[in-house]
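Asker: Everything below, folded, please.
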Amino acid sequence: MSQQGYVATPPYSQPQAGMGLSPPHYGHYGDPAPAGAPPGMTKPAGPLGAAPGAVLPQGPPPPGPLPLGQNGAHAQGLLPQRFPAPPPASSAAPAYAQYAPTAPPSYPSPAAASPASQLGAQLQAMHVGGGSGMAPPGQGPPRPPQPAILQPGSQVLPPPPTALNGPGSPPLAPPGHRQGGLPGPAPPSAQLQPPPLPGQSPGSGYAPQQANYGPPMPGPQLAYPGGFPSGPAQMAGPPAPQRKLDPDAVPSPIQVIENDRATRGGQVYITGTRGQVPPLVTTDYVVQDQGNASPRYIRCTTYCFPSTSDMAKQAQVPLAAVITPFASVPPNEGPLYLVNHGETGPVRCNRCKAYMCPFMQFIEGGRRYQCGFCSCVNDVPPFYFQHLDHMGRRLDYHEKPELSLGSYEYVATLDYCRKNKPPSAPAFIFMIDVSYSNVQSGLVKLICEELKTVLERLPKDEQEEASAVRVGFVTYNKALHFFNVKSSLAQPQMLVVTDVGEVFVPLLDGFLVSYQESQPVVHNLLDQIPEMFADSGENETVFAPVVQAGMEALKAAECPGKLFIFHSSLPTAEAPGKLKNRDDKKLINTDKEKTLFQPQSSVYDALARDCVAHGCCVTLFLFPSQYVDVASVGLVPQLTGGTLYKYSKFQVHLDSPQFLSDLRNEVEKKIGFDAIMRVRTSTGFRATDFLGGIYMNNTTDVEMAAVDCDKAVTVEFKHDDKLGEDTGALIQCAVLYTTAGGQRRLRIHNLALSCSSQLAELYRSCETDALVNFFAKSAFKAVLQQPVKLVREILVNQTAHMLACYRKHCASPSAASQLILPDSMKVLPVYMNSLLKSCVLLSRPDVPTDERAFQRQLVMTMGVADSQLFFYPQLLPIHTMDVKSTALPPAVRCSESRLSEDGVFLLANGLSMFLWLGASSPPELVQGIFNVPSLAHVNTYMTSLPEVGSPHARSLRVVMGILQHKRPYSMRLTIVKQREQPEVAFRQLLVEDKGLDGGSSYVDFLCCVHKAVCQLLN
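Answerer: Below is the predicted model of the structure:
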C-alpha cells in the first residue's frame, strides 16, 4: 500500500506571473534521480495500490529522466559541494543544469480562473496516513521496524471543487478517517466540508487556537527565488470578495509538539532498539541507556539511512548527526560510568582503532572478537578474557559499561597525553579591559565585585572537595598589566608589558595560583583594580596581544585553560590585529556581502590556530556601544570552543543581571579541556563534513581547545559503498579530553541506525529539528564564501527536492493542487522559512552588521534544542495562566493573528525574552505584575520584573525561570506595549507572518515550495 503524507491545497497552485523559480542551484545532493525506482526497491503489483517508489500520475510517464538537475562537479567525480561557487560572469553555460520542463503543467492556466477563485481556495487540513506498522515520530513509542510493504492508512480528503483542481477531478474515496489520532469511519460530508469558522473545530486537521485576529502585518515582501506569491493587493483584476485563508489548515509546530508530549512525555525512553526515533527535544522524558547513546548526546537527521548512495542522492535528505558530547543530563539519569583498565588502557580494534563497545561480537568461546565497524577479528587480551553464555554473550556483559551501554568513559593512559606526561590541572585567566569608558561606566567595578563570588564556584571533578583549577589576572588598555597574587604576598604586585608587538609573560611564579590559598591577596587585588585605573584617560585598546599573552602564560605553565576576556571597543591601538571600521551597508545584497562575515585580518585565524594547539580556549564578553567587528574578534572564541557574549549599549543599572548570570554559568559549567574528537563509522559510509566551533588540522580529527555542555558539532555522512539492511549503520564518537581536575579521559558515544532500500522508511525516520540544525549550520558556513541570495535559493530548492522525491516515490497519486508532506517533515517548511528570514540570510536596515555576525556564530555551535527554539520561538499567553499551577500555559503559534488586545504574551527564543502587553490588557493583571494602576504607568525600560508578591507576579517569574532553565544564554527581558515603536523587534520573531522588511509568511512559503515541487515533478 502507499504511504500518504500530510496534504494541503495551496491557493496559488496554478502558475502566476512572478512565481516561477529561477533556474535551480543544487548542492551536493543535486544529482539526477532516475525515473524509476532505485535499485533494491520493490514494486508489488496488485489491486491494493502502488508501493513506495512507484507512485506516479495515471498515464504514460514523461519521456527521459526526471529533470531534478545535476551537479556538474559530482558528475565528473570531483568532491561535490552543497553551496557551489557563484555562476561565472561570462555568458558561458552555468555549471548547474538548467531546469527544462518536459511537459506542460497539468493544472489550468491563469486565464482559466478568476483572481477571486484563485485566492479563494481553502487550504485543507488533512491527517497523515497510517504508514507501516512502525509508529511515525511523535506518535507513541516506536516498535521494531516492520516489513517494507506499507499497511493501509487513512486517505487524504480532496479539496472542494474549485478552479484549481477543476470540478471534474474525481475525489479519492477515503476508506478511513482519523480524528484525534484514532481510526474511524469518515463523516458523510467529509468530501465537501466547508472551511471551519474561527473558534469552530474543523472536520479534520488541527483544533484552532483561540485568539482574536488582529490586523495583517504590513511590509513589503521578499523576492525569494522566483518570488513568493503576493497577497491579494498585488493580484491583477478587479477586487472581489475573498475567503480568508484559515491559518489552522496548515501544519502547526505547536500541535506537533503537543502531540509528542501527550504520547511520549514523562515516559522512559529505552535506547536498546536500533534505529528508533527518539521523542522531540521539546518533550520531557527519561533515558534508559541499553546500548545506544542518549538522544541528549546524539540526534540524527534520520534514523534510517538509505542503503545506497543513489537513494541518498535521489531523496536529498541530509545524512547527519548533531553531537553534543558533554550535554547536561537530568540528575535522575546520573553521570557516565568511568572504566579504568590501568596501564593497559582501553581495548581497541587493531585495524580501525574503534573502542570496545556493545557492537563488538565475541567468538571462539570469548577468546576473540569481531569488530562491528570494520569486521576485523581481534584477539581478546588475556586480562580481558571472559567465557560466553549460551547466547554468545560474555558472562560479565552487565557488569561492564563498555559492553552494555551506549555512553561511558575510559581513564586514558600516558599514550593519550601530550609528550606522554600526565596533564596539569587547567587554569582560568581573567583579562579585563580597563579603558576609560569601562572604568567610568562602572563595568570594571561590577566585574571585580562579581569575581569574588564566582571564584568560589570553580568547576571540579566528581568526588573532589576543592577545585584544582588555578586562576590568574590581567588588565589591559594599550598595555598589558600582569598581577602576582602569590599567597605569601601581603599586597598584589603589578608588572606592565608595553611592547604589545612581541608579547611575553613577565612572571611565572605567582601568576597562576590556587584560589583557596591566595584568596586574601586575590580579593585585595579585585578591590584595588577599579581605583588603580580610575584616573586613566586611555580609551584605545588592543585585543590580539591580550589573547596572545594569555596563551603564552598557559603554554609556559604547560597546562590547558580558558581565557575570560571582558572587552568593549574596536581594537584601534597600534598592535598586531589592529582593526578599522569597515561597517558598510552598501555591500548588502551584493556579491561582496560575504566579506562582512569574514575576519578583516589573517592575524585572528592564525591566533586561533595557535590557541587550539596549546589547549587555550577563549570566552569573550563584549560590551560594545558601537561597531566592534564581531566577525574578526569573534573568530577566536568560535574556533577555540569558547563562547561569545554580546551586550550592546550595556548599562550597569539595567543589564547587570543578564551579564552576571552568564558569567556565573560560564565559570561553573561542565567542560573538557584540550579535546580531540573523532567519529568512526561502520563500513559503507563515513563522516565527510564537520560544522561547529571547531578547528581541523586534517580530515578526521576535530580539535577543540575546550568543549562544554552547550556546544554541539554537526557531522555529515556520505556513502562510500552499499549499506546492509541486516547490519545497519554504526557510529562511534570518541572525545579525548582533560577534566577540570587534570585527569585525561576518553568519552565514548555509540549509536546504531537502521538501513533500508525503501525510501518511505527513510522519510518515516526523519527528525525535523535535527534537519533544521544541519541546514542552518550549512547555510551559515556557506555565507562566508557564497552570495547570500544564492544560499537562500539552494535552501528553497533542497526543501522542494526532498518533498518532490517523497511525493513521487512514497505518496498516493493525488491532484496536482495538493502539497503532500511526510508526517515526520510536516512542519519543516515553517522552520525553513524562519531560517530564510533570519538576519544572517536576510539583511534588514535595523539590524547591525555585528548582530548578524554574532547570530551566525551562535548558531554554528548550537545543539538541536537551542536551534529549535531559536528558529521557532515559544509564545505563551500569560493572561490564561493558572496561578495555582506551576505548569506553563499552552503555547500558541508564532503569528500576530494569535495575539489579542486584551492579552499579555511572553515570547522567548533563547537569546531574548519579550513581554507583550495588549492595548486593552486587564488592569488587574497589570496591577498584579507591575504594581501600577494601569498600562500607561508601566515602565518599558525595565529589564527585570519588579518584586511584587501577587500570585500573577509569582507565577510569571516561575514561567520565566522554566523558559530560562538550561538555556546557554541568559535571556534579556524587553517589555513592549502594543503599537509602540519597540514592538518592531518583537514582531520580527513572529515567524509565521510576513517579515516587516521582507521575508515571506509561512503560507506564502508553502505556496512557493509547492510550485517548486510541481515544477520538479512535471
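
Asker: Tell me if I'm right that Gly995 and Leu841 touch.
Answerer: No - at 11.4 Å, Gly995 does not count as touching Leu841 under the criterion of CB atoms under 8 Å. (Each C-beta comes from the backbone N, C-alpha and C, glycine too.)

Asker: so when I look at Asp610, I'm seeing a helix, right?
Answerer: Yes - looking at Asp610 with DSSP: H, G, I helix; E, B strand; the rest coil, it is inside a helix.

Asker: How about it, nearest residue that isn't a chain neighbour?
Answerer: Met551 (6.2 Å; CB to CB, 6 or more residues apart in numbering).

Asker: Please give me every residue in contact with that neighbour.
Answerer: Neighbour list for Met551: 563, 607, 610-611, 614, 616 [criterion: CB atoms under 8 Å, 6 or more residues apart in numbering].

Asker: Okay, and it sits in which element?
Answerer: helix 544-557 (DSSP states H and E).

Asker: Adjacent strands (with direction) for whichever helix or strand comes after that helix?
Answerer: Remark: after helix 544-557, the chain's next helix or strand is strand 561-567, criterion DSSP H and E. Here strand 561-567 has these sheet partners by DSSP bridges: strand 427-433 (parallel), strand 616-622 (parallel).

Asker: What are the contacting residues of strand 561-567?
Answerer: Contacts of strand 561-567 (CB under 8 Å, 6+ apart): 426-433, 438, 443, 447, 541, 543, 546-547, 550-551, 554, 615-623, 628, 633, 642, 663, 666-667, 671, 673, 706.

Asker: How far away from the center of its chain is it?
Answerer: 26 Å (CA atoms, centre = their mean, to the nearest Å).

Asker: can you list the domains in this protein?
Answerer: 352-404, 426-587+599-669, 873-990 (the TED database).

Asker: And the average pLDDT for the longest one is what?
Answerer: What that stands for is domain 426-587+599-669. If you average the pLDDT over domain 426-587+599-669, you get 95.

Asker: can you start the count at 779 instead of 1 from here on
Answerer: All right, first residue 779 from here; so that's domain 1204-1365+1377-1447.

Asker: Neighbouring strands of the top strand by length along the chain in the sheet, and parallel or not?
Answerer: Scanning the chain for the longest strand, with DSSP state E as the assignment, gives strand 1522-1534. Next to strand 1522-1534 in the sheet, as set by DSSP bridges, lie strand 1082-1084 (parallel), strand 1185-1189 (antiparallel), strand 1507-1516 (antiparallel).

Asker: what's the distance between Arg1235 and Glu1444?
Answerer: 11 Å (CB to CB, to the nearest Å).

Asker: Compare the two (neighbour count), which wins?
Answerer: Glu1444 (21 against 11; other CB atoms under 10 Å).

Asker: Gln1378 in helix, strand or coil?
Answerer: Going by three-state DSSP: Gln1378 is coil.

Asker: Next up, the contacts around it.
Answerer: 1357-1358, 1360, 1407, 1409-1410.

Asker: Need phi/psi at it.
Answerer: Note on Gln1378: backbone dihedrals following degrees, to the nearest 10 are phi -90, psi -10.

Asker: looking at it, Arg1146 is touching Val1158, isn't it?
Answerer: Yes - counting by CB under 8 Å, Val1158 is a contact partner of Arg1146 at 6.1 Å.

Asker: Overlap of the contact sets of the two?
Answerer: Phe1140.

Asker: More neighbours: which of these two?
Answerer: Neighbour count, other CB under 10 Å: between Arg1146 and Val1158, Val1158 has more, with 20 against 13.

Asker: Gly1144 is in contact with that one, correct?
Answerer: Yes - the pair Val1158 / Gly1144 is scored as a contact, 6.5 Å apart, by CB under 8 Å.

Asker: any idea how far Asp1644 is from Ser1296?
Answerer: 37 Å.

Asker: my bad, Tyr1047
Answerer: 20 Å.

Asker: Of those two, which one has the most company?
Answerer: Per other CB under 10 Å, whichever of Tyr1047 and Asp1644 has more neighbours is Asp1644, with 24 against 18.

Asker: What residues does the more buried one make contact with?
Answerer: Asp1644 touches 1488, 1688, 1745-1746, counting by CB under 8 Å, 6+ apart.

Asker: which two from the residues you listed end up farthest apart in space?
Answerer: Asp1488 and Gly1688 (10.7 Å; CB to CB).

Asker: joint contacts of these two?
Answerer: Joint contacts of Asp1488 and Gly1688 (CB under 8 Å, 6+ apart) are 1644, 1746.

Asker: what's in contact with the host helix or strand of Gly1739?
Answerer: Element membership of Gly1739, judged by DSSP H and E, is helix 1729-1742. Helix 1729-1742 is contacted from outside by 1652, 1654, 1656, 1659-1662, 1664, 1666-1667, 1684, 1686, 1691, 1703, 1706-1707, 1709, 1723-1724, 1748-1749, 1751, using CB under 8 Å, 6+ apart.

Asker: redo that, cut-off 6 Å
Answerer: By CB atoms under 6 Å, 6 or more residues apart in numbering, the list of residues contacting helix 1729-1742 from outside reads 1659, 1661, 1664, 1666, 1686, 1703, 1706-1707.

Asker: same check, this time on stretch 1152-1165
Answerer: 1125, 1127-1130, 1144-1148, 1172-1174.

Asker: Make a ChimeraX selection of the buried ones in those residues.
Answerer: Buried members of the contacts of stretch 1152-1165, defined by 16 or more other CB atoms under 10 Å, are picked up in ChimeraX with:
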select :1125,1127,1130,1144,1147,1148,1172
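
Asker: Out of the contacts of stretch 1152-1165, which is nearest to Tyr1584?
Answerer: Cys1130 (34.9 Å).
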